[in-house]
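Chemist: below is the sequence, then the predicted model.
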Amino acid sequence: MKLKTYSTIAILFFALVLLPMSCKDVSTKEVLVAQAPTNIDPTAGTWTYVFLTPANITAIAPALPTAVTSAAYLAELAKIKDLQSKLTNAQRQAIQYWSVGGVLRWNQIFRELVARYNLPPAPNADGSYPAPDSENPFQDPAFPFSNPPYAARAYSYVTVAQYDALKAAWNYKYLPAYNRSAPYKVDAGIQPLMPQTDLPAYPSEDAVMSGAAADMLKALFPAAVEEITRKAGEQRNAALWAGKATDSDIAAGLALGKAVAALFVTRAGGDGMKAAIGTKPQWDALKANATNRGDIAWLSQDLPPRPPMLPFFSGVKCWSMTPQNVIDVRPAAPPLANSSEMAAEIAEVKYYADNIDRDRIAIVHKWADGVGTYTPPGHWNDIAEEYIRDANFSEVRAARAFALINMALHDAAVSCWDTKYFYFNARAVQLDPSIKTTTGLPNFPSYVSGHATFSASAATVLGYLFPAHAADFTTMSNEASMSRLYSAIHYRKDCVTGTDLGTKVAGYTVNFANTDGAGN
Amino acid sequence: MKRFYLFIFSLFAIGAQAQSLTDGLLMPKGSFCTGLLYTHDQWKNYWEGGLKRDNQNIGTITTQTVTWMGNYGVTDRLNIIAMVPYVKTQSSTGTLHGLEGLQDLSVSAKYRFFAKDFEKSGLRFFAVGTASTPLTNYVIDFLPLSIGLGSTNFTTRLTGNYHLESGWYINASSGYTMRSNVNLDRPAYYSDGQLYSTNEVKMYNTFDFSTMVGYYKNGIQAEAFYSQQNTLGGGDIRRQDMPFVSNRMNFSKAGALLMYYLPKPKNLAVRASFSYVVDGRNVGQATTFMGGLLYTIHFSNKNETIVPKP
């Protein structure tokens, strides 16, 4: 061969192999676009509050704003003009970043926090497991271990606190004594660097969100205080730089957001979470319940055996359900381990374990949302994000959508954990060790599937919010549910019953939404 | 929930099977060497980032590979080398399902661009280009039990060989591998401190270097080698996390290789090797044995034993 032939080969390699693969960087969060809502929901202050009482709302009233003609306010406007005249590229990027909507942004931020902290403690040398410690969150194991129930609760606290805080803000924005326009409406010399709306600026909704979300997140993810604080500060600055709010709009919003967060932090401190881990004698009692029923009690399949994940999460306060409701929706008992009905269930799990298939594994991994991920509740927030973005909601209506979804997801976690630990039955893998799984085996009893319960509850609320897509949400939810059978970690009965439970649980939140005054 | 660890697929890149890519030998024009190699790779300890540990939820990970290899002498200076591995993985404890399947087809062109002979020794330089791509849509997001990492790769390699008439030689070889992005079955993942809302994963390029000292004469080859491979980016496995396809997988390993051309039947060679990972990051501390048979056909039908030449 001649040199020419070699050069041709080299050029072909370059064109066919190197060019298509030349190191493409992967962008992280490109899915959001600037929001310009057509309906700013002026009556949102009258919508039903999830947690705040009228007395709470009176107690957190902002100071009255100064008039737009006052010297103090004119000085604030002058400051914005001055800032806008020397915006750096980094500041413009921050404006761009937050213009997609604070509610959507904060949802992304805390999905990332959940994924970061969703790591179980590593075992000690003696086979025991250390417990994450909220007073020492930086050590190994880090605090929290944001497993699915922890995450469901965390998502609900952040979204509900933001939602109630925004309603309170809307309430004051439209009271005549507080109603003050955005700086860019008051002074033509101020450029609107985010999409313009007619929403009054006092108190600033961006500052309200930053205060409510940041203070909730700091309580839930104490090791991430620095970056949460940074994000919150940046959101307020972006509102200022964009000509959306003055310093006093922001100060009033921040105070209101923080005051609301404080009420929610108090609720969280007494919602039963502290007792959710339980003690060894309590775990043994759960085991005895199953044995007394004639069943084979669940055993951890982790090596070394790990204490069950949050066995008393069933005692955590719900958003839309009473403790009695949780008992009312609890499904009937699963078939006993040695029954012929269970033998058929095990045989089906074994079939999927022995006949793994590429398409089924794709479904398993699409919905696995295991260790190190944002969990199934996070996945449903991720799914909701696109629909909420495309709906072009006002901030308060976007907050409502996320709050309703996460209220149902949290109540689903409580009801599902109630069922799991009430029956405390064994996984198929425990009853037949020849069964191998295509995703990690969760460390809690089998019946009913958490994925099925979570998915059905979120899909039901999403279907309520976006009825045109209801069938799509049901399809996704059913796929998520069956993925647990395909991966050989759940019986079909766990999946089907979990879907049914999740649908019932979401009904309570939909009932709340139907009469909250927001319309749909 | 369990955590696992990372199968050292990448070790194969410059592993025993790929010895033909890093050595200083070429098949003569018109000859075709082909055969099957069996590799048994096993580890119990692994590095979670920089922390060496074991994990009872996987116990020992065993990876068995059968590789078809073909090496054709286009000219005395240019060889084309192709490989197709079939890989099977298994864990000794825990509940995770092993996987198996055809992995990546790789095709290499190895070209000797410099040769100088001295009185009792010789110096050679080779350029090697390797393209590899998955033959099947195998699962990549199930480490340490995935059978491969799923990227399409292109490696450029430079190898030098200095040999004495007595049969002793030293080699040095270094390669740079560009890797395509890969796609997961899931819509989001957390890696290297960030949540990515996409199924696409950036695979950082890798760099490798190996040195060998050996003896090759009269159809016998014996060699000791040391090699190092680094991934030029990517996150560590977090504490008690699952391994991830784009982790920064680094390792250095030492080993030895034997090849022997049987007196009879003519043109049949046995090859065996052993290697051990001495240090690593986000990989298993693998012990690897390889054994295989290679048969050489000469299309011009010369009636002599065909052996690769420096």
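Modeler: All right, it came through fine.

Chemist: okay, CA-based contacts and neighbour counts for the rest of this
Modeler: OK.

Chemist: which SS class is the residue in the stretch 151-300 of chain B that chain A sits nearest to?
Modeler: Shortest the stretch 151-300 of chain B-to-chain A distance, computed as C-alpha to the nearest C-alpha: residue-wise this is B:R186, at 4.0 Å. Assigned with DSSP: H, G, I helix; E, B strand; the rest coil, B:R186 falls in the coil class.

Chemist: burial count for the residue nearest to B:Y215 when sequence neighbours are not counted?
Modeler: Nearest residue to B:Y215, sequence neighbours excluded (C-alpha to C-alpha, 6 or more residues apart in numbering or on different chains): B:W168, at 4.3 Å. Using other C-alpha atoms under 10 Å in any protein chain shown, B:W168 is surrounded by 17 other residues.

Chemist: same question, A:A72
Modeler: Residues lying near A:A72 (other C-alpha under 10 Å) number 13.

Chemist: what's the neighbour count on A:K436?
Modeler: By other C-alpha under 10 Å, 25 other residues sit near A:K436.

Chemist: apologies, that question was intended for B:Y111.
Modeler: 22.

Chemist: what does chain B have sitting close to chain A?
Modeler: B:1-3, B:56-57, B:94-97, B:131, B:137-139, B:141-142, B:152, B:154, B:178-181, B:185-187, B:189-190, B:193-198, B:200-202, B:204, B:239-242 (C-alpha under 8 Å from any C-alpha of the partner chain).

Chemist: of those residues, which belong to strands?
Modeler: Of the residues of chain B next to chain A, the ones assigned to strands by DSSP state E are B:131, B:154, B:178-179, B:189-190, B:194-196, B:200-201.

Chemist: hmm, who's touching the stretch of helix or strand B:W47 belongs to?
Modeler: Element membership of B:W47, judged by DSSP states H and E, is strand B:46-48. Residues outside strand B:46-48 that contact it (C-alpha atoms under 8 Å, 6 or more residues apart in numbering or on different chains) are B:5-6, B:52-54, B:236-240, B:280-285.

Chemist: can I have the buried ones of the residues you listed as a ChimeraX selection?
Modeler: ChimeraX command restricting the contacts of strand B:46-48 to the buried ones, with burial defined by 16 or more other C-alpha atoms under 10 Å in any protein chain shown:
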select /B:5,6,52,54,236,237,238,239,240,280,281,282,283,284,285
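
Chemist: looking at the contacts of strand B:46-48, which are in strands?
Modeler: Taking DSSP E, the ones among the contacts of strand B:46-48 that sit in strands are B:52-53, B:280-281.

Chemist: now these as JSON lines including pLDDT?
Modeler: JSON lines is the format used below for those (pLDDT from 0 to 100):
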{"residue": "B:K52", "pLDDT": "97"}
{"residue": "B:R53", "pLDDT": "97"}
{"residue": "B:G280", "pLDDT": "97"}
{"residue": "B:R281", "pLDDT": "98"}
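
Chemist: could you dump those residues into CSV and include distance to A:G378?
Modeler: Below are those laid out as CSV (distance: C-alpha to C-alpha, whole Å):
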residue, distance to A:G378
B:K52, 32
B:R53, 30
B:G280, 34
B:R281, 30
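
Chemist: ok, the closest residue in space to B:N57 that isn't next to it in sequence to A:R306 distance?
Modeler: Distance criterion C-alpha to C-alpha, 6+ apart; nearest residue to B:N57, sequence neighbours excluded, is B:G94 at 4.5 Å. Shown here: B:G94 relative to A:R306, a distance of 13 Å by C-alpha to C-alpha, to the nearest Å.

Chemist: please apply the same query to A:P376.
Modeler: Distance, A:P376 to A:R306, by C-alpha to C-alpha: 21 Å.

Chemist: now A:P222
Modeler: For A:P222 relative to A:R306 (C-alpha to C-alpha), the value is 25 Å.

Chemist: cool, B:N55 as well?
Modeler: Taking C-alpha to C-alpha as the measure, B:N55 falls 14 Å from A:R306.

Chemist: kindly report the same for A:P148.
Modeler: Look at A:P148 and A:R306: by C-alpha to C-alpha, they are 16 Å apart.

Chemist: same check on A:K86?
Modeler: As defined by C-alpha to C-alpha, A:K86 lies at a distance of 57 Å from A:R306.

Chemist: ok so, going back, quick one: average pLDDT of the strand holding B:W47?
Modeler: Strand B:46-48 carries an average pLDDT of 98.

Chemist: hey, which helix or strand in chain B has the poorest pLDDT?
Modeler: helix B:19-22 (a mean of 74; mean pLDDT, DSSP states H and E).

Chemist: for the stretch 101-250 of chain B, which spans come out with low pLDDT?
Modeler: For the stretch 101-250 of chain B, no stretch is flagged by pLDDT under 70.

Chemist: what about the helices in it?
Modeler: Applying DSSP state H, counting those that start in this stretch to the stretch 101-250 of chain B gives no helices.

Chemist: over to the stretch 301-450 of chain A?
Modeler: Counting by DSSP H, counting those that start in this stretch, one finds helices in the stretch 301-450 of chain A at the ranges A:323-329, A:340-354, A:358-367, A:375-391, A:395-423, A:428-431, A:450-465.

Chemist: determine which of the ones you listed approaches chain B most closely.
Modeler: Once the helices of the stretch 301-450 of chain A are compared by C-alpha to the nearest C-alpha, helix A:358-367 is nearest, at 4.0 Å.

Chemist: and the closest one, what does it pack onto?
Modeler: helix A:470-486 (3 or more C-alpha pairs under 8 Å, 6 or more residues apart in numbering or on different chains; DSSP states H and E).
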